[in-house]
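J.: Would you be able to build a 3D model of this:
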Amino acid sequence: QEIPETTPPPPLEPRAQPPQAAKLLKPRNSDAILSCPCCFTIVCMDCQQHCKYENQFRAMFVMNIGVSWDVQYKYSKQHKGLVSLQESSSTGSSRDTDIHNRIVLEEEEDNHPTQMTTTEEKQDEIYYSVFCSHCQTQVAVLNMDDEVYHFSGCLASA
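T.: This next block holds a predicted model:
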């Protein structure tokens, strides 16, 4: 008895995601979904956009990132931003891509007596380099005092 030849079924093609699929993934109160600017890997889905600097976001919950505990930054009142602590001792790692020039932490315009963070307190805070786990591009800094990630230069999609 001869077994009849059958043709295998065609391979399954992945479904094309509709353009609004990203909106379905984004939490309702999030300002954007952030992606790495080099490899487009999503690094954050729930963040708040800075009211003055449109390319800056802050978040507490992230994904696809790593933290370089050896690459540290400190707030400089003179530069009105972050300055690498490694500049005085040695050169930074290959992931250190001048994010300190992109992130500006500034004192609030209307100082309230109950405001917790002052410029002097910011100067004592240490920020750690945060990189995309896929391509190693620096995408943010992490403030461990309040456990908040400060993103800059990421691709934001609504």
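J.: now for the helix or strand encompassing residue 72, which elements pack on it?
T.: Per DSSP states H and E: residue 72 is located in strand 65-76. Here strand 65-76 touches strand 81-84, helix 119-124, strand 126-132, strand 138-143, going by 3 or more CB pairs under 8 Å, 6 or more residues apart in numbering; DSSP states H and E. Every C-beta, even on glycine, is put in place using the N, C-alpha and C of the backbone.
J.: how about a markdown table for these, with mean neighbour count, distance to residue 51 and mean pLDDT added?
T.: Listed next are the helices and strands packed on strand 65-76 as a markdown table, based on neighbours: other CB atoms under 10 Å; distance: least, CB to CB, whole Å; pLDDT from 0 to 100:
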| stretch | mean neighbour count | distance to residue 51 | mean pLDDT |
| --- | --- | --- | --- |
| strand 81-84 | 20 | 17 | 86 |
| helix 119-124 | 12 | 18 | 58 |
| strand 126-132 | 22 | 20 | 95 |
| strand 138-143 | 25 | 18 | 95 |
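J.: closest one to residue 48 among the ones you listed?
T.: Using CB to CB as the measure, strand 138-143 is the one of the helices and strands packed on strand 65-76 that comes nearest residue 48, at 13.3 Å.
J.: Kindly format the C-alpha coordinates of the closest one as CSV.
T.: What follows is strand 138-143, C-alpha atoms only, in CSV (Å, rounded to 0.1, in the frame of the first residue of the first chain):
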residue,chain,number,x,y,z
GLN,A,138,22.7,54.6,28.4
VAL,A,139,19.0,55.7,28.7
ALA,A,140,18.6,57.0,32.2
VAL,A,141,20.0,57.6,35.7
LEU,A,142,18.6,56.1,38.9
ASN,A,143,18.3,58.0,42.1
